[in-house]
Every structure is written in C-alpha cells, then in structure tokens.
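**Student:** give me a model of this one.
(chains A and B)
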Amino acid sequence: MTNSFVDFAKAKMIIVIGSNMTEAHPVAASFVKQAVLAGAPLFVADPRRTALADMAEQHIPIRVGSDVAFLNGLMNVLITEDLYDKEYVESRCSGFEELRAKVLEYPPERAAEISGVSAETIRTVARRLASVKPVMLMYTLGITEHTCGVNNVLSCANLQMLLGNVGFECGGVNPLRGQNNVQGACDMGALPNVFPGYQRVDNAEARAKFEKAWGVTSLPDKPGMMIPQMLEGLPSGKIKAFYIFGENLANTEPDIRHVEHCLESAEFIVCHDIFPTETTRFAHVIFPAAAWSENDGTFSNSERRISRVRTASPPPGEAKPNWWIFREIARRMGHKWPSKSAREIWDNEISVLAPSMAGVKYNRIRGNGLQWPVPHEEHPGTPTLHKHRFTAGLGALVPVDWTPPAEVPDSKYPLVLSTGRRLYHYHTRTQTGRAAGLNDLLGEETADISPIDAAALGIVHGEMIRVASRRGEVKVRANVSDRIPKGVVWMAFHFREACANWLTNPAFDPVSQTAEYKACAVRIEKA
Amino acid sequence: MSGATFMLNGRSVPFKLGQSILDAARDNGVQIPTLCYLKGLAPSGACRICLVEVKGARSLMAACSTPVAPEMDVNTESARVHEARKLNTELLLAAGRHDCLLCEANGDCGLQELAYQYKVDGSSFPRRDDFHPVEDINPFIVRDFSRCILCGRCVQACNQLVVNRAISHGYRGKGSKIVTGGDNPYHQSDCVFCGQCVEVCPTGALTEKKLRGQGRPWETKRIRTTCPYCGVGCQMWLHVKDNRIVKVTAVEGAAPNDGRLCVKGRFGYDFIYSEERLKTPLIRENGRFREASWDEALNLVASKFGEVIDKHGPDAIAGVSCARSLNEDSYQMQKLFRAVFKTNNIDHCART
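**Tutor:** Modelled structure (predicted):
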C-alpha cells in the first residue's frame, strides 16, 4: 500500500474496488466502516453486494472482469468535464496525453455497456470522486486475479493520479495483501527477478554486491521461472527437482486436476510444512517445520510494516525452524552460513543488504515495528509513499485497454464463476480447519448463486447442485443469496471436495502470471 | 486555548479543551475507576462508578461524560465520592450473581477490583436471582447474563469500534438485556465472532469458551506477536500458560489494529497443538512415507539436488517460498537457491 491503515478511519472519501474486506481483512474493514460513521462517503465497486456495500453511499455492481472499462469510463468523465487535477498531473505525472487519448475511447455509454452499470452512475461517481481531496482507494484480489490484472492495477493508479490523490495521507493506491507475509516474501526476494530489497538479478552491480556478501561467485544473471512455468516444467522434464515450502499448491492453483498431474510427474519434490497436506502427498522428502508461534522472526504487512513474531512454545517432536533447514542444506552442499538465528539473519544480512530496510534492526522493532523505506537507523519509517514526488521521479500514467476474461460464458457454460475467501476460514484450511470452533461456524463449501438463476433452474436454497467447468465438476450446496448478481456463481477454495480450483481456469496475466481466479465459465444443475 | 488549567484534587493541572474529566485526570496521572468507559468512543455514562465531586455542582458528576471547564474544581477521592462508588458497587453486585470461584474473569474483573477496593460484597441489598439463562451454544463465546452489569461496553465496541452492529440494548427496566438481533443467540445473529465484546467486557458476563479451566490471568504470561492470518498484521498478546497459548487478545494502542482482532486472529490459534502436526522428517519409499532422522533426510535432499545440478544444470531446480512464514525464512530460501544452487527459479504465491 502507498498508505497506512491508520489513514483508513480518517479518510474523507473512500473507493473500494474488488475487495470483500469485511471477510478477507476484517480489521481493515472496521476502519473503513468507522470512516463512514464519521461521515466519509464510501463507494464500493464489486459484482457482489458485499457487506461493506451495505454501508456505501453507492454500491456499483460492475460485471466480473470489467474493471478497466469502468475505470476508463470514470477517467473519461474526469477529463471531458475538466474535473481532474491539472496542476498535479502536469507537475508530477508523465503520459497524460496518451492516457487522455485512450480514455476518450471510453465514453460513459461504452463503459456502461461493458461494465453493466449505467452511464449516469459512472458520471455521478466520477463527479463525486473529484469533489473531495484526497480520496483513498483500496483494492484486493478482485483487481489482480484476472488475465488483465496488471492493467487493472495500472487503471487504479491512473485514476488516483488523475485525481491528484497519490502522495498524501488518506489517499493513495492501497492493495490489501492477502497473506500475513506475502509482502515480506516479496521484500525478501522470493521472486525470480530480484534479490532482497527489489535489487534486480540482471543488474551486474547488484550481483557483485550479493556475491561479495554471500562469499560466492557467478550468481545467476537471468530472471528465473514463475510458479505457472515451474509447474509446466515438471511434466515437460525441464524441472527435475521442485522445492515447495509451506504452500498447498494442489489446492490453491487453478485446475487442480492439471496441477496434480504436474506434481505427479516430478522426479523429486521436497516439502516443508507443519501438516500433511494435499501437496505433501507428492513429496519425496517432507521436513517438519516450526509453526508461527514456535519461531522468532518478522512479518511484513500490507502497509510495509515489519513487526516481530515471537516464540510462545517449542515446536512438537523434531520440527525445526525453516531458516535452520535451509541453512543445513546449504552446509551439506559446502556453504557455511554465519547467521545462527532469525535475529542474526535480519540484523547482519537483510538490513545490511536491502537499502530500503537498512534502518530496521530488531532492537528498533520491539513495539510497533517500522514501515519501509527506513534508509538509516535514525529514520522513523515511511507511512506514506510518493510524498512531494514519486519515488521513480514522475508518476507514470499508462493507458490501458479493457480486455475480457480468457473464458467467457457461452451456451454450454452460461455462468461466470468468481472465487475468493470467506470469513471463517483461511485458504485450504490447513490452519483454520484445525482450530477448534471455526468448522462449526462454516463446515462446508457452498456455491453462492442469485435467486434469479436459482429460480430459473428450480434450485432451492440449501440443496446440492453440480457446478461444472471445462476442467472439472464439483457437488456443492447451493446458497441462494440476493448479494449475488444474476449470471454469477461465487465459491471459495477452503474445502477440498468442493474446492473452486477444480473448476478455475489456468489462464494467466501475461506480465504477472497471476491466474484468472475471478472469472471462468461454468454451468450449474441440480445434483 | 492551550494553557487552560483546572483544579484536580487540590492541584492546578492542564487539560485540553473538550476533554472529559476522566481523560484529563488520566493525562495528569490520576486514575478514576470506571466500568463502562472505552477510550476513543463516545461516553455512555452507564455505570456511575466514575462519579466525582465538582465544586459548586448540586450532585456528583460522571467524569467520563462531563467536559472539563477552566478552573473547575474537581475532587476524585472525597468521602462523598467514595460513599457513592461504594453504594453503586453494592448495587451492581446485588443485581447479579457475582460468585468468583468458577468465573473466568476472576483476577481480571473490574467489578471484583471495586468490591475489593471498597470492601463491599453486595450483601446490604436483596440479591436478584431471576436471570436470563447462560448461552454457550456457539463455539467461542459464553454469555452469562447473571454477571452482566449492563455497562454497554460490548454494545459500543460492536457498533463503534469494529462496526459489526450485531449487539444492542434490549428490553427495558428490570428486563433489560444485552441482545443480538431479535434477541437470538450469537450464532443466529449478525455476530461475526470477532470477540471484541469479550475483550471489553469488564466482568465475567462474556468469556472465551476455549479458555474455560485453562488458566487464571495470574498464571499466564503475555507475549506480543503478529497475527498469522491476513495481510493486516494485527498485533496480539498471546496469553501463555505452561508453554501453551490459552487466549489471544489485541494490543491496545498498537499499530495497525489498535485493540481489534477478527475471529481467525482471536480464536484460530490452536491449530499449532493439533495431533496431526508433522513431527519428524519423512522419506517416501515404495509409495509410503517412513520416518527418518534429520541427518538422513537432509543428506538425501542435498545429494539429490547436487545430482540434478550436475546432470541437468541449476535451472532444473525450482522452488516456491511461503507467504505465511517469516521474512528470515524466505530470505534463507532465496539465498539457498541463488548462492548455493545458482538458479533464480524461486517464487512464491504473491502471483497466484
């Protein structure tokens, strides 16, 4: 996020797009709701009428996968009605003319046709957004989990720059990160193209720096593979050994049948985990890992805050911290790593090597942690990014076109399946499924469908139905809800039997390689 | 109007304009007892424990809901104040069934504290014994209406702090009850089990079911940590007894959550004690997993990776790191891939 959670409750106006915050990020949602109670108008763009939409000045029920068209439509109004922040755009952004030319192709009537909300709504929302400064924008996976995910993100950024809202408290572009340490895993360089602190592997200077620090030569200079390519590399034989650390790929990746075929064809798989999972079945070696409360270390949250994680109890049996396991493998391959604890790894390596975290040391994050960039040890951290000027110099306005999802409904599969997370469980239930009580509150998957589609097929609330896509079929209980628009089926991936990922489409954004979990074509029928 | 002062227990002290007597007193190091006040929310003035004497005022004033005026003369500990607090504590005690023996709040109870401080046990008044039945049919929260003092903290926290708007005041007079929609039990209401109501309850009216019999407040130590679920990164206290987490509460005043948690953060901690945890390294042999020593498993992995690198080159290895685990773990994994294996085939689920 460019901004901080502390801004949420103080925001003057908020637009939330593609985020079911009350279920996926409940505490963040409480701040948004507090802002509404304090008088901030809230706009919620989402195909579903989410709980947050109930508190909105306006719920904008855009069609699944129409985000760019809707956002371009808003920007069209801002430009044609001269409502955008000219001074900000001129002094702080680049690419305005190109953006202008592109969004002029999206008059509200055209945006309305694609997004399914009226041209009048688009005009009203654009005018309202231009009436207050700053407006805070939040998004989640409803934006990114599309074949046009990168373009969706660029559109959100375009809108906020055009409105002159980036670089101020209570403004900015704020993606809520899904997992507790997905921000941190990125920051640490668990990515194929960057070292810790986003230093590129194809930069010779960066490589030289890490070679010196790690006491090695010839670090690889070409960006590596992303997850979808890795999986495809298993049956093709390109990848011989696959190392899976704490991921349940056999449930979380789109098209489970295909993913399992890939895992099955691996020559050698190593897993670290705290539980046996659907994925560890494919392992050749499984290492038992210490869990969250059995480790000392750090997590980094959505607002780039590095906070401490502390040990409450020892791990069971012979389970060990993950960092120790990696160190032991390195040792057995002839590399002696000096750091002997998470603290030493952070203080002596990470903060020394990643300039944006240079000022973060364990003795500074005993309480509230610090938000990077923290360039030196006297630095208080950075709650708001791009203040006064963009980190990269000028904020790049990047024109983007709307493209439909890779798979759209047709006569055989007439509905759109969209997927996500529910309040009482987390991902594949490895953890929440084993915490007493949560299964009592949500014990099985449902397919959430609209009363209109239910009536058309004679399906009643609570009966078992079949949901089928080109990739698979699940039997699941129907949850008939007026929060779901006609033509949409909504499911989660918490339960193995009726996991949405038996159905989802392994089509990926060409840049980010993020899968289109939010849209594929399905049909439903009485079971 | 900085520099404004008022008299607090005979001392001239500063205050901020608009501040309540209770907040201004706290800022000046004077604690006024209260059972209903919640920092940052509109005062309800419900419990009548924070009464103070204001010179010139006809009656005692509730410190939580009375703004300070310049040169106001406030006494928080006069005999009249003590008498009133004592009486009100007596009345609260008599209006409920406040036996502490089995109460989970024992040792962490605002009412018990007051009873102790003012040496009262509620016996001066006839005790009530017609209570709404205890509700403990949901998995997490026990509602014991006989211990409820109707302070309204849970109502305020639910409506103003987490804004789930599930809890409200119901009925009137002697029949008053804290209710969820239509006076249904929690699990049949709009309640989302964030447990904020339990966290703010000053008595044993709302307690955690999982905590029952697991440990007294004075037996546990608190460890601050970060929640393992979503990307908000809430700060929490783990209440630990004999190396076991028995309860999780939010850290007041901490960034980013400032005293809030959700259902998973508060109640979803005990997966770590599941019997299904992996406890030893496992090696697959003839389609079955067998237990192995660390040495055997680590040597096998190291030699297999070495073999693959020798035969097919480093890029024949790929790995995914864990977005649930520590920064230090991800750092080590990418270091292993880059510095030891010599491949950049390292990724994690940020994109999927």
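
**Student:** element containing the residue nearest the centre of chain B, please.
**Tutor:** Central residue check for chain B by CA atoms, centre = their mean: the C-alpha nearest the mean position is that of B:Thr249, 3.3 Å away. Using DSSP states H and E, B:Thr249 sits within strand B:244-250.

**Student:** quick check: buried residues in stretch A:78-86?
**Tutor:** Buried residues in stretch A:78-86, defined by neighbour count with 16 or more other CB atoms under 10 Å in any protein chain shown: A:78-80, A:83-85. From N, CA and C alone the C-beta is placed, and that goes for glycine too.

**Student:** over to stretch A:249-257?
**Tutor:** Counting neighbours by 16+ other CB under 10 Å, one finds that the buried residues in stretch A:249-257 are A:249-256.

**Student:** quick one: which of these sit in helices?
**Tutor:** Using DSSP state H, the subset of these located in helices is A:249-252, A:256.

**Student:** what number of residues lie near B:Asp99?
**Tutor:** 11 (other CB atoms under 10 Å in any protein chain shown).

**Student:** let me fix that: A:Tyr413
**Tutor:** A count of neighbours around A:Tyr413, defined by other CB under 10 Å, yields 19.

**Student:** count of residues packed around the closest residue to A:Val216 other than its chain neighbours?
**Tutor:** Take A:Val216 and drop its neighbours on the chain: the residue closest to it by CB to CB, 6 or more residues apart in numbering or on different chains is B:Ala339, 4.7 Å away. Under the neighbour criterion other CB under 10 Å, B:Ala339 is assigned a count of 20.

**Student:** thought B:Ala339 was touching A:Thr217?
**Tutor:** No. With contact defined as CB atoms under 8 Å, B:Ala339 does not reach A:Thr217; the gap is 9.9 Å.

**Student:** sorry, back to before: the buried residues of stretch A:249-257 also near chain B: which ones?
**Tutor:** Contacts with chain B within the buried residues of stretch A:249-257, as defined by CB under 8 Å from any CB of the partner chain: A:249, A:252-254.

**Student:** distance-wise, check A:His376 relative to A:Leu385.
**Tutor:** Computed as CB to CB, to the nearest Å, the A:His376 to A:Leu385 distance reads 18 Å.

**Student:** helix or strand next in line after the helix or strand harbouring B:Asp310, which one?
**Tutor:** Secondary-structure assignment from DSSP H and E places B:Asp310 in helix B:294-312. Downstream of helix B:294-312, the first helix or strand assigned by DSSP H and E is strand B:317-320.

**Student:** strands paired with that following strand, and their directions?
**Tutor:** strand A:241-245 (parallel), strand B:346-347 (parallel) (DSSP bridges).

**Student:** let me have those strands in TSV, extended by mean pLDDT, mean neighbour count and distance to A:Phe5.
**Tutor:** Supplementary listing: those in TSV, determined by pLDDT from 0 to 100; neighbours: other CB atoms under 10 Å in any protein chain shown; distance: least, CB to CB, whole Å:
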stretch	mean pLDDT	mean neighbour count	distance to A:Phe5
strand A:241-245	98	26	28
strand B:346-347	98	28	27
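
**Student:** against which helices or strands is the helix or strand just after the strand holding B:Thr249 packed?
**Tutor:** Counting by DSSP H and E, the next helix or strand C-terminal to strand B:244-250 is helix B:263-267. Helices and strands in packing contact with helix B:263-267 are listed as helix A:438-441, strand B:244-250; criterion 3 or more CB pairs under 8 Å, 6 or more residues apart in numbering or on different chains; DSSP states H and E.

**Student:** first residue to last residue on stretch A:91-99, what's the distance there?
**Tutor:** Stretch A:91-99 has an end-to-end distance of 16 Å (CA to CA, to the nearest Å).

**Student:** any regions of the stretch 201-350 of chain B where pLDDT drops low?
**Tutor:** Flagging of the stretch 201-350 of chain B using pLDDT under 70 yields an empty set of residue ranges.

**Student:** burial count for A:Ala204?
**Tutor:** A:Ala204 has 10 neighbours, counted by other CB under 10 Å.

**Student:** residues in contact with it?
**Tutor:** The contact partners of A:Ala204, by CB atoms under 8 Å, 6 or more residues apart in numbering or on different chains, come to A:Asp221.

**Student:** residue boundaries of the strands in the stretch 151-300 of chain B?
**Tutor:** For the stretch 151-300 of chain B, the strands identified by DSSP state E, counting those that start in this stretch occupy B:167-170, B:177-180, B:206-208, B:221-226, B:235-241, B:244-250, B:282-285, B:288-291, in order along the chain.

**Student:** could I get those as JSON lines with distance to chain A?
**Tutor:** Conversion of the strands of the stretch 151-300 of chain B to JSON lines gives the following (distance: least, CB to the nearest CB, whole Å):
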{"stretch": "strand B:167-170", "distance to chain A": "14"}
{"stretch": "strand B:177-180", "distance to chain A": "15"}
{"stretch": "strand B:206-208", "distance to chain A": "10"}
{"stretch": "strand B:221-226", "distance to chain A": "4"}
{"stretch": "strand B:235-241", "distance to chain A": "5"}
{"stretch": "strand B:244-250", "distance to chain A": "5"}
{"stretch": "strand B:282-285", "distance to chain A": "4"}
{"stretch": "strand B:288-291", "distance to chain A": "7"}
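
**Student:** ok, which of the ones you listed comes nearest A:Ala392?
**Tutor:** Shortest separation from A:Ala392 across the strands of the stretch 151-300 of chain B is recorded for strand B:221-226, at 29.9 Å, computed as CB to CB.

**Student:** now tell me what touches that closest one from outside.
**Tutor:** Taking contacts as CB under 8 Å, 6+ apart, the residues outside strand B:221-226 that touch it are A:180, A:292-293, A:299, A:301, A:307-312, A:367, B:233-241, B:251.

**Student:** tell me the angle the strand holding B:Thr249 makes with strand B:221-226.
**Tutor:** An angle of 60 degrees separates the directions of strand B:244-250 and strand B:221-226 when computed by axes from the mean of the first three to the mean of the last three CA atoms, to 10 degrees.

**Student:** related to what we said a few turns ago, just the buried ones from the contacts of strand B:221-226?
**Tutor:** A:180, A:292-293, A:299, A:301, A:307-309, A:311-312, B:233-240, B:251.

**Student:** and the helices and strands packed on helix B:263-267, which is most packed in?
**Tutor:** With neighbours defined as mean count of other CB atoms under 10 Å in any protein chain shown, the helices and strands packed on helix B:263-267 peak in mean count at strand B:244-250, which reaches a mean of 22.

**Student:** and it, which strands flank it?
**Tutor:** Sheet pairing here is set by DSSP bridges, and for strand B:244-250 it gives strand B:235-241 (antiparallel).

**Student:** got the CA coordinates for the strand it pairs with in PDB?
**Tutor:** These are the backbone C-alpha positions of strand B:235-241, laid out as PDB (Å, rounded to 0.1, in the frame of the first residue of the first chain):
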ATOM      1  CA  GLN B 235      -0.600  -7.000  16.900                       C
ATOM      2  CA  MET B 236      -1.700  -9.500  19.500                       C
ATOM      3  CA  TRP B 237      -0.900 -10.800  23.000                       C
ATOM      4  CA  LEU B 238      -0.500 -14.500  23.400                       C
ATOM      5  CA  HIS B 239      -1.500 -15.500  26.900                       C
ATOM      6  CA  VAL B 240       0.700 -18.500  27.600                       C
ATOM      7  CA  LYS B 241       0.500 -20.900  30.500                       C
END
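
**Student:** run a quick neighbour tally on residue 218.
**Tutor:** I'll assume chain A. Around A:Ser218 there are 8 other residues, counting by other CB under 10 Å.

**Student:** think we crossed wires, I meant chain B
**Tutor:** When counting by other CB under 10 Å, one arrives at 8 neighbours for B:Trp218.

**Student:** wait, isn't it in contact with B:Asn106?
**Tutor:** No. Here B:Trp218 does not reach B:Asn106: they are 9.3 Å apart, not a contact under CB under 8 Å.

**Student:** picking up where we left off before, as a markdown table, the helices and strands packed on helix B:263-267 with distance to B:Asn159 would be great.
**Tutor:** Supplementary listing: those in a markdown table, determined by distance: least, CB to CB, whole Å:
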| stretch | distance to B:Asn159 |
| --- | --- |
| helix A:438-441 | 21 |
| strand B:244-250 | 17 |
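
**Student:** cool, thanks, talk later.
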